[in-house]
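# Here is a sequence with its predicted model. Questions after.
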Amino acid sequence: MTETTPRHLSDADLKALEEEFDPEARFRTVTRPVAILSGTILFLLSCYHFYTAGFGIPRATTHRGLHMGVSLFLIYLSFSAFASGRDKTPRFAILGLPVLDWVLGIAAAVSSFYVPWIYDQLAFRVGNPLPIDVIMGTVLLITLLEAVRRSMGWPLPVIALLFIAYAYFGKSMPGIFVHPGADWPTIINHLYLTSQGIYGTALGVIATYVFHFVLFGVMAQRIGLGQLFIDLATALTGRFAGGPAKVSVVSSALLGSISGSSIANTVTTGALTIPAMIKIGFRKHFAAAVEAASSTGGQITPPVMGAVAFLMVEYLSLPLRTILIAAIVPAFMHFFGVLVQVHLEAKRLGIRGLRQEELPKALKVLREGWLSTIPLILLVWMLMSGRTPFLSAFWAIASCIAVYVIQRVMASGLKDGLIETARGVFDGFVTGARQSLSVTAAAALVGVVIGVVTLTGVGFKVAFMVTSMAQQWAASVYQALSFLPFELFSMHTLALLFTLLLTAIVCVLMGCGIPTTANYIIMVAVAAPVLGMMQVQPLVAHFFVFYYGVLADVTPPVALAAYAASGIAGANAFKAGNTAFRLSMGKALVPFMFVFSPSLLLVTDGFTIQSFALAFTGAVFGIVSLSAAITNWLRGPLWVIERIALVFAAFLMIAPELYSTLIGLAILAAIALRQTLAGSGNSPAAPAAA
């Protein structure tokens with residue numbers, strides 16, 4: 001993709017751009033009868049979840065089966081088999097949809113409802129399934145694979161098929177991966193009739209928690225909270241060097257608190273910030289990269305955090321309040337890392353901020369939009385006071401509706417306002433349910449992967465292999481450093497460092513093809529045992545794999561958030577992806593830091609103010625050091641040897657050992673002092689850049 005003129009996009013253009021780069025948004029064109037049918041079912045699905053959030057959830061298997069069955073049926077109504085057929089009229093059709101899609105949708109729904117229907121008999125059949133059980137399980141597995149392929153693409157179905165093949169052909173596997181294998185009825189029994197597979201924790205979290213928060217995010221946007229965040233970020237940060245780029249970072253952080261979608265965040269804030277960045281002098285691909293790198297942080301920003309916070313609640317058996325507190329520092333470090341590189345790049349290029357007349361007034365923004373903040377404040381207060389997530393979401397959604405009523409009535413009068421409110425709530429409920437379809441199918445299919453892991457024990461085999469390799473590498477490096485008069489790194493620190501490196505690489509590679517939530521669930525099953533063998537606390541291990549999974553959204557060759565931003569900027573997509581990855585490197589150290597210094601997560605065992613202050617300081621200066629090396633600017637251009645030294649200093653500040661931290665800080669301070677004394681920050685005759 002070559003660079004073109006940056007685009008000034010309408011709402012329809014932005015929607016088309018989101019669909020282009022986000023498979024989950026590629027809904028087909030349907031006839032009016034199908035639109036009415038699917039819209040009604042989507043609205044009723046949202047009403048069901050809204051009601052159960054406030055008045056009680058039915059039996060887990062019934063709730064999960066109902067949610068999955070309706071969602072899979074709707075996927076076959078909403079997504080065509082191939083992108084080329086989204087706007088075409090099929091040859092053999094009912095109400096404009098292919099006959100096969102109706103058959104697959106009904107089959108998916110029936111096979112999903114089957115397990116709740118026979119639930120009372122399962123105690124006598126688990127481990128010895130009837131032929132009808134195997135048939136129904138096979139039908140669900142086939143339709144589930146196809147539903148995920150349509151709504152998310154090939155990567156996750158391929159991974160699921162490989163895991164199923166591993167379970168079936170276990171006797172033929174090489175070396176450590178060999179296992180007795182399982183016949184097809186055994187596989188279906190484990191994946192379909194138990195809570196270890198499709199109907200497991202992942203699907204339960206989506207049906208019980210995530211749906212409600214997706215719906216809340218949609219309704220919060222509808223009452224203007226997203227626009228308030230963008231305006232407020234502009235008012236607070238737009239005046240500083242590289243102003244629109246800093247607005248992009250701050251507004252993405254604020255918007256991320258109610259939305260967990262990287263691409264949706266990119267399109268929403270990028271439509272305003274990317275043209276502004278280009279206007280004041282940033283290159284097109286850099287402007288796109290800033291927006292993409294910032295928007296990925298929405299998935300780790302409390303209180304919504306996509307789906308992962310609620311998965312952690314189930315996996316770790318911790319209150320949501322604990323997870324949200326633990327996420328504060330990682331989220332801050334994510335945006336701080338991008339902000340530092342944006343600031344250094346603006347200083348390097350001499351790019352100004354926005355003029356006073358280009359800025360909104362913060363007090364005016366708050367005075368006009370304060371009403372839309374009430375639902376978010378209520379949500380955070382209820383979550384932090386210990387209420388259940390779904391009850392908190394119920395009252396937050398209800399308050400969104402109340403605020404919407406007030407806004408519409410004040411704008412249009414009582415009668416017209418109530419009519420507009422009814423239409424807006426209906427549309428919001430339909431949109432919220434539609435946005436949950438693909439993540440529901442993905443969670444159910446990830447249950448297949450988790451089921452194979454528990455059936456075969458492959459997770460512990462991978463853990464043994466990775467830790468053994470890391471121990472060997474650590475021993476070699478420890479021996480090579482033995483000439484030093486003091487111990488720079490302990491043997492355990494080196495082994496843990498190499499284990500983390502291997503785990504991080506796998507997380508990023510896995511995340512290149514599958515959504516963050518699915519990546520997290522798989523990596524928890526496979527990689528968390530690896531870190532557990534190295535005595536890493538469970539909460540820390542979960543945050544590590546989550547953080548690196550998020551980075552996959554800006555990791556070429558599948559940096560979808562960066563590609564969506566490049567569409568707005570008119571930039572080269574691959575160059576934007578590479579730059580977004582580079583902008584994310586400043587914060588790539590952070591997960592290593594909270595493994596070595598768990599106090600950064602605030603709620604881990606052994607937390608003290610002193611340990612937190614030391615770790616936080618090391619994390620901040622480590623990010624600054626690495627960002628300066630990557631940007632080639634601290635107070636001025638850097639010598640080649642200084643850039644290498646800053647990278648070394650950043651890595652030294654990862655580890656909690658006193659010597660390594662002090663050496664890293666000394667290197668950073670020495671380079672900053674050299675530039676200050678030389679006046680390189682103000683002189684054009686600075687040393688030649690590398």
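Done, it's in. Numbers count the residues shown, from 1 in each chain.
# how about Pro302, secondary structure?
coil (DSSP: H, G, I helix; E, B strand; the rest coil).
# That one touches Thr322, doesn't it?
No - using CB atoms under 8 Å, Pro302 makes no contact with Thr322, being 11.3 Å away. (C-beta placed from N, C-alpha, C; glycine too.)
# Looking at these two, which is more packed in?
Shown here are Pro302 and Thr322; by other CB atoms under 10 Å, Pro302 has more neighbours (21 against 17).
# Name the nearest residue to that one, ignoring sequence neighbours.
The shortest distance from Pro302 to any residue other than its chain neighbours is 4.2 Å, reached at Leu324 (CB to CB, 6 or more residues apart in numbering).
# number of nearby residues for the one you found?
Leu324 sits with 23 neighbouring residues when counted by other CB under 10 Å.
# For the helix or strand hosting it, buried residues please.
According to DSSP states H and E, Leu324 maps onto helix 320-326. Going by neighbour count (16 or more other CB atoms under 10 Å), the buried part of helix 320-326 is 320-324, 326.
# Find the residue closest to the spatially most central residue of the chain in space, skipping its chain neighbours.
For the chain, the residue nearest the mean C-alpha position is Gln299 (3.8 Å; CA atoms, centre = their mean). Nearest residue to Gln299 in three dimensions, chain neighbours excluded: Gly306, at 4.4 Å (CB to CB, 6+ apart).
# got the residue ranges for the strands in the chain?
Counting by DSSP state E, the chain has strands at residues 93-94, 97-98.
# which one of the ones you listed is the most hemmed in?
strand 97-98 (a mean of 20; mean count of other CB atoms under 10 Å).
# Show me how far that strand is from its chain's centre.
33 Å (CA atoms, centre = their mean, to the nearest Å).
# Name the residues that touch that strand?
Identification of contacts with strand 97-98 by CB atoms under 8 Å, 6 or more residues apart in numbering yields 30-31, 34, 77, 81, 90, 92.
# Partner strands of that strand and their direction?
strand 93-94 (antiparallel) (DSSP bridges).
# how's this protein carved up into domains?
Using automatic domain parsing, the domain parsing of the chain gives 21-201, 204-443, 597-690.
# and these, which one's lowest on average pLDDT?
Lowest mean pLDDT within the domains of the chain: domain 597-690, at a mean of 82.
# chain center to it: distance?
Counting by CA atoms, centre = their mean, domain 597-690 comes out at 28 Å from the chain centroid.
# Kindly report the same for stretch 253-265.
Taking mean C-alpha positions (CA atoms, centre = their mean), stretch 253-265 and its chain are 9 Å apart.
# ok, back up a step: now the residue nearest to Pro302: how far from Val304?
Leu324 sits at a distance of 10 Å from Val304 (criterion: CB to CB, to the nearest Å).
# before we move on, what about His179?
His179 is 39 Å from Val304, by CB to CB.
# Those two - which one has more neighbours?
Val304 (26 against 17).
# Thought Val210 was touching the more buried one, still the case?
No - using CB under 8 Å, Val304 is not in contact with Val210; the gap is 9.1 Å.
# about what we covered before: please work out which of the domains of the chain is packed deepest.
Here the criterion is mean neighbour count by mean count of other CB under 10 Å, and of those the winner is domain 204-443, at a mean of 22.
# Surely the residue nearest to the centre of the chain is in contact with Thr516?
Yes - under the criterion of CB under 8 Å, Gln299 makes contact with Thr516 at 5.4 Å.
# what sits in contact with each of those two?
In terms of CB under 8 Å, 6+ apart, Gln299 and Thr516 are both contacted by the residues 262, 306, 308, 550, 553.
# Spit out the contact partners of the fourth one.
If I follow you right, that is Val550. So Val550 contacts 296-297, 299-300, 334, 511, 516 (CB under 8 Å, 6+ apart).
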